[in-house]
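> Got a predicted structure plus its sequence, pasted below:
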Amino acid sequence: MKREKTAKRSPTRRKWATSLFLIALVLGAGYVTWLALGAPGLPRVTPDPNSPPPTPKPTRTLRPTRTPRPTRTPKVSATPSEATATTRRKVGIVAGHWQNDSGAVCPDGLEEVSINLDVATRVVAILQYEGYDAELLAEYDDKLPRYRADALVSIHTDSCEIPEASGFKVARLAASSIPEIEDRLVNCLIREYGKTTGLALHKDSITFDMTSYHAFKEIDPKTPGAIIELGFMAADRDLLTEHSYEVAQGIARGIACFFEE
């Protein structure tokens, strides 16, 4: 019985659904037509000419492009004249007493040769770094006879015999064949060594052994030579043993001064 009653009502419901669909379709079409005609019947809003213009939508700020990394500046090679300006300067540095004897010896056992060799080695290294053709020579080096160079400097140190004595001294061969040139080398060493180390010139103690130093008589007469006593192993010990690089710098600067003047 229930099935028969439900079956009788089904066509009526379908008719209502169809009618509602048709009504909605007609209303929708009418609304679209009304909008297309400009929505007649509604008041039109006229924009106020005095009103500020609408704020424009901000545009997106462009991300700055990445600054290109600068290329490495190519290293400019020195011209042949610049590259060889200092390498043409040959310099011989004698480490006093080296490979011969100990030199002066202090009561506590400090030997002169150890100071001389340390400083001479540093002088050679500094000069080579600056481009000079520098070499280390022993006290009685086989190269010394007729040795030809742009300069030769022999490095020595004064003894501990006078505990209060302080200062350095520089000398050349007394019977020099090129006295003016060697005086210039001596003066440059005095000025630059004193300026660098702070030591005073002990000029009143120049000895015969300095002005008649054997190497000066062995090298070529045209090779400018000088001998320097770095200081006294007693009063100047701290400078000579703890600040040997500054000591070597003073000599190297004196040699450079000689070539520049």
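Okay, I see it.
> measure stretch 234-251 end to end?
Terminal residues of stretch 234-251 lie 21 Å apart, using CA to CA, to the nearest Å.
> Show me what it is in contact with.
For stretch 234-251, the surrounding residues in contact (CB atoms under 8 Å, 6 or more residues apart in numbering) are 106, 110, 115, 118-120, 122-123, 125-126, 153, 155, 157, 160, 162-167, 189, 192-199, 228, 230-231, 233. C-betas here are computed from N, CA, C, even on glycine.
> In helices, which of those appear?
Residues of those located in helices (DSSP state H): 115, 118-120, 122-123, 125-126, 189, 192-197.
> Please check those and keep the buried ones.
Buried members of the ones in helices among the contacts of stretch 234-251, counted by 16 or more other CB atoms under 10 Å: 115, 118-120, 122-123, 126, 189, 192-194, 196-197.
> Glu261: which of those is nearest?
Nearest to Glu261 among those: Glu192, at 11.2 Å, using CB to CB.
> Which residues are in contact with the closest one?
250-251, 253-254, 256-257.
> Now with 7 Å, please.
When contacts are counted by CB atoms under 7 Å, 6 or more residues apart in numbering, Glu192 touches 250, 253-254, 257.
> now swap in Arg184 and tell me
With contact taken as CB under 7 Å, 6+ apart, Arg184 is in contact with 258, 261.
> how about a cut-off of 8 Å?
Contact analysis of Arg184 by CB under 8 Å, 6+ apart lists 224, 258, 261.
> I'd like those laid out as JSON lines, including pLDDT.
Shown next, in JSON lines, are these (pLDDT from 0 to 100):
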{"residue": "Pro224", "pLDDT": "98"}
{"residue": "Phe258", "pLDDT": "98"}
{"residue": "Glu261", "pLDDT": "79"}
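> export those to TSV and tack on secondary structure and distance to Pro179?
TSV is the format used below for those (DSSP: H, G, I helix; E, B strand; the rest coil; distance: CB to CB, whole Å):
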residue	secondary structure	distance to Pro179
Pro224	coil	10
Phe258	helix	14
Glu261	coil	16
